[in-house]
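K.L.:
heads up, no residue letters with this:
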């Protein structure tokens, strides 16, 4: 299993394909497996790197105090280890926070930047929501019930109503051998609650695209729109009939939009 040593322990990663480097950064409680529906498509054109953020999957928990800045530094360390000086970044949700922090602190290392379902600051509502989910994990709520509650926040009403897609997602996630731990989820949620890139986003020099599902109720379209206004020269794409987990809900459309942007 490929792992890289970091200050707090080890970082699990996988590399597929060849071409320009593309680093995919997962969101809260997720790991590299959340990109499984798009990795094959991306790796046909890019050297695609997926990894488990500290606190998720097969990576170690990360240092205290828990900050998004630390997670961005760990992502940079991974690129150092792989001998990659510059890469495209795609960050989803919390991964979007990490990607912003990376682009702010390492502007010369980012080629193009895609931010999916994310914002420049974590809302007080979401901080309370994530704290509640964290407590349920600590209280050892059944994994399938925990994921079922999450699903309502992740997918569009149309997809939820169809039934089959979400039921399959829940069953597969419940059987996943590397689920989110109570400790890791809590640490990541704490890091998100402290994140605030407002006033610093002008430091991002990379060409940026914000992709947002019109039905996203977790990080709402107006929040993504606010992010787009703060990053110089950035553009935003709003996608109908999709919500927070756009790259899972419609992977073919997501990769088409992303690849067209990264390739131009």
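P.N.:
Nice, thanks for sending it over. Predicted model, so just to flag it, every value in this text is computed and none were measured.

K.L.:
doesn't residue 50 fall inside a strand?
P.N.:
Yes - the secondary structure assignment for residue 50 places it in a strand, going by DSSP: H, G, I helix; E, B strand; the rest coil.

K.L.:
and the residue nearest to it when sequence neighbours are not counted, how many residues sit next to it?
P.N.:
Taking Cβ to Cβ, 6 or more residues apart in numbering as the measure, residue 50 lies nearest to residue 32, with 3.8 Å between them; neighbours along the chain are not counted. Placement of C-beta: from N, CA and C, glycine included. Other residues near residue 32 number 23, with proximity taken as other Cβ atoms under 10 Å.

K.L.:
what separates residue 32 from residue 204, distance-wise?
P.N.:
Taking Cβ to Cβ, to the nearest Å as the measure, residue 32 and residue 204 are separated by 25 Å.

K.L.:
for residue 84, same thing?
P.N.:
Relative to residue 204, residue 84 is positioned 19 Å away (criterion: Cβ to Cβ).

K.L.:
Between these two, which is the more surrounded one?
P.N.:
The residue with more neighbours, out of residue 84 and residue 204, is residue 204; 23 against 17, by other Cβ under 10 Å.

K.L.:
quick one, what contacts the nearest residue to the more buried one once chain neighbours are set aside?
P.N.:
Leaving out its chain neighbours, the residue that sits closest to residue 204 by Cβ to Cβ, 6+ apart is residue 103, at 4.5 Å. The neighbours of residue 103, taking Cβ atoms under 8 Å, 6 or more residues apart in numbering as the test, are 89, 110, 113, 203-206, 208.

K.L.:
can we see that at 7 Å?
P.N.:
By Cβ atoms under 7 Å, 6 or more residues apart in numbering, residue 103 lies in contact with 89, 110, 113, 204, 206.

K.L.:
Then residue 176?
P.N.:
Applying Cβ under 7 Å, 6+ apart, the residues near residue 176 are residue 33.

K.L.:
ok, back up a step: does the residue nearest to residue 50 really touch residue 56, like I thought?
P.N.:
No - taking Cβ atoms under 7 Å as the definition, residue 32 is not a contact partner of residue 56, at 8.6 Å.

K.L.:
Could you tell me which residues touch both of these two?
P.N.:
If you check residue 32 and residue 56 against Cβ under 7 Å, 6+ apart, the residues they both contact are residue 26.

K.L.:
quick one: which of the contacts of residue 103 is most hemmed in?
P.N.:
Neighbour counts for the contacts of residue 103 (other Cβ under 10 Å) peak at residue 89, which has 28 neighbours.
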